[in-house]
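S.K.: Predicted model follows, preceded by the sequence.
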Protein chains: 2
Amino acid sequence: MAETLTSEAILVATEEVLRRYGPAKATVVDVAKALGVSHGSVYRHFPTKAALREAVTRRWLDAQHVAMEPTFDQGLTAAEMLRAWLQKLFDRKKLSHVDEPELFATYLVLVRESRAIPEYHVEHLVGQLARIISAGVETHEFVTDDVNATAQAVWDATDRFHHPAHAQEWGDPHIQDAFDAVVSLVIAGLRYNRIPSAAGDA
Amino acid sequence: MAETLTSEAILVATEEVLRRYGPAKATVVDVAKALGVSHGSVYRHFPTKAALREAVTRRWLDAQHVAMEPTFDQGLTAAEMLRAWLQKLFDRKKLSHVDEPELFATYLVLVRESRAIPEYHVEHLVGQLARIISAGVETHEFVTDDVNATAQAVWDATDRFHHPAHAQEWGDPHIQDAFDAVVSLVIAGLRYNRIPSAAGDA
DNA sequence: GGACTGACAGATTTCAATATCTGTCAGCCG
DNA sequence: CGGCTGACAGATATTGAAATCTGTCAGTCC
């Protein structure tokens, strides 16, 4: 009302609407109503509803990325850092799933229909993984001939603990044991691992 | 018509109906129609539609279990056997997903709503994994202080390549590379792995 | 008598009419 | 002019009435 309408204000309002109604019920008209403008105005800033939803999710993911940024300053081994980072990711995902279920559901919708957003998210986090693994390679704690492929493999091997499709399993009382076992196995693998052509290692 | 109605005949007819219509459309009336009996007769053999669907799925899974039975006779290392077994599982799941999409979808429905059937399936296959790993431990190729927990960890780490929720990703052209990398990492981990209390290893 | 039927009640699904939403754009208003 | 409005067309979602389905059971038929 007072100020001119900014993209940022629309994003804030959209996030609020998504939080309240969820991805299935939230409409562009709701967002416009929350802002006290006509829905036509929203379309001056975002070409489609999908673009708006993507922008909100990207904002949300960016915050996750910042929070997950690994810290190399404490005197931890690479294995400790890796385990802590994976645990933090798991804890944050679990929390987000129960704490902001509608935003989480919004991301799940995007995972199912868009390709770009999940790729953006995964690439970023696999990049963080690669940095941790790279640090471990430098100290000779880990062995690999392809850090990026290995980081991707660690990501894939821990899919069950971060992929939103598995969120319902995160309430299982034994899930932490499963997590510990997989992470231990992965860390053991990193201590001596090569990415072979399929037959090379087995 | 000619013979008395058997549970087996109902299962065969139900599988056919499920194959044709899928889990969302298939009805008990359809099954009865296919058998030329009234739907009341079907209920003399199976108490509910869910029980019928479960019985069909269990039959189907049992066939998978038999097909996946590992063979220890050829002169393969445990790592080779493990990789081959995981590859076979992956290939069979992929094939089943495109070849019998409705039965696959039926199993997916069961995964989401029932608890018992997927547990039955997973426990059986993890048992097969445990036998392969156990063979590797005996030849000192693998190291672990808890074969069953490790087998479960291998199962969990390869979730992306057998959990039906990930089936849509199996068409990705790079999925085989991802599979190879995860399996290599896991096999490397098995060469020296312990299941610690969470802090013990990291 | 025991396998089977078919009518039935309540639950679920389907379908079509209605309402709402998305995205556009000519025109308004400051 | 430049951001905004609000009416509009086509697409999507909601609704409620009708149809179908699930599960039961008294009764039929061999």
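M.R.: Structure received.
S.K.: Distance across stretch A:167-182, terminal residue to terminal residue?
M.R.: End-to-end distance for stretch A:167-182: 17 Å, by Cα to Cα, to the nearest Å.
S.K.: So which bits of it are buried?
M.R.: For stretch A:167-182, burial by neighbour count (16 or more other Cβ atoms under 10 Å in any protein chain shown) applies to A:167, A:169-170, A:175-182. C-beta here means a position set from N, CA and C on the backbone, and glycine is covered the same way.
S.K.: okay if I get those as JSON lines plus secondary structure, distance to residue B:123 and pLDDT?
M.R.: Putting the buried residues of stretch A:167-182 into JSON lines (DSSP: H, G, I helix; E, B strand; the rest coil; distance: Cβ to Cβ, whole Å; pLDDT from 0 to 100) gives the following:
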{"residue": "A:167", "secondary structure": "helix", "distance to residue B:123": "23", "pLDDT": "96"}
{"residue": "A:169", "secondary structure": "helix", "distance to residue B:123": "15", "pLDDT": "95"}
{"residue": "A:170", "secondary structure": "helix", "distance to residue B:123": "20", "pLDDT": "98"}
{"residue": "A:175", "secondary structure": "helix", "distance to residue B:123": "17", "pLDDT": "98"}
{"residue": "A:176", "secondary structure": "helix", "distance to residue B:123": "20", "pLDDT": "98"}
{"residue": "A:177", "secondary structure": "helix", "distance to residue B:123": "16", "pLDDT": "98"}
{"residue": "A:178", "secondary structure": "helix", "distance to residue B:123": "14", "pLDDT": "98"}
{"residue": "A:179", "secondary structure": "helix", "distance to residue B:123": "19", "pLDDT": "98"}
{"residue": "A:180", "secondary structure": "helix", "distance to residue B:123": "20", "pLDDT": "98"}
{"residue": "A:181", "secondary structure": "helix", "distance to residue B:123": "16", "pLDDT": "98"}
{"residue": "A:182", "secondary structure": "helix", "distance to residue B:123": "18", "pLDDT": "98"}
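S.K.: Would you convert the residues you listed into a markdown table that also reports distance to DNA strand C?
M.R.: Shown next, in a markdown table, are those (distance: Cβ to the nearest atom of the strand, whole Å):
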| residue | distance to DNA strand C |
| --- | --- |
| A:167 | 23 |
| A:169 | 24 |
| A:170 | 27 |
| A:175 | 30 |
| A:176 | 35 |
| A:177 | 36 |
| A:178 | 33 |
| A:179 | 35 |
| A:180 | 40 |
| A:181 | 38 |
| A:182 | 36 |
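S.K.: Please name the nearest non-neighbouring residue to the most centrally placed residue in chain A.
M.R.: Chain A has residue A:121 as the residue nearest its centroid, 5.4 Å off, counting by Cα atoms, centre = their mean. Once flanking residues are discounted, residue A:121 sits nearest to residue A:61: 5.0 Å by Cβ to Cβ, 6 or more residues apart in numbering or on different chains.
S.K.: Count the neighbours of the one you found for me.
M.R.: Using other Cβ atoms under 10 Å in any protein chain shown, residue A:61 is surrounded by 18 other residues.
S.K.: The one 5 residues further on too?
M.R.: The tally of other residues near residue A:66 (other Cβ under 10 Å) stands at 8.
S.K.: Next up, the contacts around it.
M.R.: Residue A:66 makes no contacts at all, as judged by Cβ atoms under 8 Å, 6 or more residues apart in numbering or on different chains.
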